[in-house]
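A.B. asks: I need the structure of the sequence given here:
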Amino acid sequence: MTSIFTAIFCIFIVVSVHAQARVVSHLEVKGIGLYSDQRNDKYEERACKVFRPTKKQMTRYFNLSKESEESGDLLHEYYSPCLAIGSVIFKDGSSGRWTVQSSGLGIVVFENGKSAVFFHKDNKWTDPYACTYGLGNDPIC
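C.D. replies: As a prediction, the model looks like this:
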């Protein structure tokens, strides 16, 4: 009886997680190593040049990200001036333009005019601002 319950529970978890995630069918990276020039900071410009995510890394990012219609505290806690931009088509047919910060915080503006916030923390790219988010509470820091 316990093994049946465990099997059903595992299937439920896998199906529910899969149902929530968007899956990328096509992705283009159009710009990497960019920076938000709102403060016109030369240090930020130099630091952001090392943020160079690949197409494979960006596809992984979207496939694993949590999606929300609001950024909540993420925008404050995980702000980074380092940006990558591109376009994405998901397997559900939705598509749009994306901007992702080196912190793992991103936004997709869909073709229908709606937008969604995406966040995934454990990415494989170089983040020049790692260990500065959330007051450096990450055990790796």
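A.B. asks: any weak-confidence spans in the protein?
C.D. replies: Within the chain, the stretches with pLDDT under 70 are 1-21, 39-40, 134-141.
A.B. asks: for it, which strand is longest?
C.D. replies: strand 24-35 (DSSP state E).
A.B. asks: give the next helix or strand downstream of that strand.
C.D. replies: Next helix or strand after strand 24-35 toward the C-terminus (DSSP states H and E): helix 42-48.
A.B. asks: can you give me the buried ones in that following helix?
C.D. replies: For helix 42-48, the neighbour count (16 or more other Cβ atoms under 10 Å) marks Glu44, Glu45, Ala47, Cys48 as buried. C-beta: built from backbone N, CA, C; applies to glycine.
A.B. asks: mind checking how far the last one is from Ile89?
C.D. replies: By that I understand Cys48. 27 Å (Cβ to Cβ, to the nearest Å).
A.B. asks: need the strands for the protein, in chain order.
C.D. replies: 24-35, 66-68, 82-90, 95-101, 105-110, 115-119.
A.B. asks: about what we covered before: just the CA trace of the longest strand of the chain, in CSV.
C.D. replies: C-alpha atoms of strand 24-35 as CSV (Å, rounded to 0.1, in the frame of the first residue of the first chain):
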residue,chain,number,x,y,z
VAL,A,24,11.2,26.3,-25.1
SER,A,25,10.8,25.2,-28.7
HIS,A,26,13.0,27.9,-30.2
LEU,A,27,15.2,30.6,-28.7
GLU,A,28,17.4,33.3,-30.1
VAL,A,29,20.0,35.2,-28.2
LYS,A,30,20.4,38.7,-29.7
GLY,A,31,22.6,40.4,-27.2
ILE,A,32,24.9,39.4,-24.3
GLY,A,33,27.2,41.3,-22.0
LEU,A,34,24.9,44.3,-22.1
TYR,A,35,24.3,46.6,-19.2
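A.B. asks: so which residues make contact with that strand?
C.D. replies: 44-45, 47-55, 58-59, 62-63, 81-91 (Cβ atoms under 8 Å, 6 or more residues apart in numbering).
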